[in-house]
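**Q** turn this into a structure:
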Amino acid sequence: MKTLLITFIMFATTLSGKVFQDTVRVSGTYDRHEDGIYYFTGDNGEILEFHDISEEASEAFDLMDEALVGKLFSITFSSETGEDDDIEYNTIISLKLLE
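**A** Here you go, the predicted structure:
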């Protein structure tokens, strides 16, 4: 009975956090970093917002450098959705300069 209870608690705890989705790759032009969010413009003119960046991507490109504004990147990112608030939080996993 204890094993069943522990298994249930572990399962419930896992579901109460954020739900991870697959990684996605898009192209986007870097616009700015503002209020902790990285902004890119996608191929169709859509605004892409990223709330976090991996250490690897951050070491490859310092997005605080104004010289990167207007540059086209291939962006690989993961997205997680808060279970309670349905807000998507996108994290840049890797960047590749395209131009």
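
**Q** which residues does Gly28 contact?
**A** Gly28 makes contact with 40-43, 48, 72-73, 75, according to Cβ atoms under 8 Å, 6 or more residues apart in numbering. Where C-beta positions appear, they are placed from N, C-alpha and C, glycine not excepted.

**Q** again with Phe40
**A** Counting by Cβ under 8 Å, 6+ apart, Phe40 has contacts 28-31, 47-48, 50, 73, 75.

**Q** Phe73 is in what secondary structure piece?
**A** Per DSSP states H and E, Phe73 falls inside strand 72-82.

**Q** following that strand, which helix or strand shows up next?
**A** Where DSSP H and E defines the elements, the next helix or strand beyond strand 72-82 is strand 88-97.

**Q** quick check: Phe50 vs Asp62, distance?
**A** Separation of Phe50 from Asp62 (Cβ to Cβ, to the nearest Å): 15 Å.

**Q** just His51 next, same as before
**A** In this view, His51 and Asp62 are 18 Å apart by Cβ to Cβ.

**Q** so which residues of the chain form helices?
**A** 2-15, 55-60 (DSSP state H).

**Q** if I average pLDDT within each of those helices, which one is lowest?
**A** If you rank the helices of the chain by mean pLDDT, helix 2-15 sits at the bottom with a mean of 44.

**Q** not counting its neighbours along the chain, what's nearest Leu68?
**A** Nearest residue to Leu68, sequence neighbours excluded (Cβ to Cβ, 6 or more residues apart in numbering): Tyr30, at 5.3 Å.

**Q** got it, and Glu56?
**A** Spatially, and ignoring its direct neighbours in sequence, Glu56 is nearest to Ser94 (6.4 Å; Cβ to Cβ, 6+ apart).

**Q** how about Arg25?
**A** What sits nearest to Arg25 in space, not counting adjacent residues and going by Cβ to Cβ, 6+ apart, is Thr76, at 4.8 Å.

**Q** quickly list what the one you found is bridged to.
**A** Arg25, Ser94 (DSSP bridges).

**Q** contact partners for it?
**A** Neighbouring residues of Thr76 by Cβ under 8 Å, 6+ apart: 23-25, 92-95.

**Q** from those, pick the one nearest Glu66.
**A** Closest approach between those and Glu66, by Cβ to Cβ: Leu95, at 16.3 Å.
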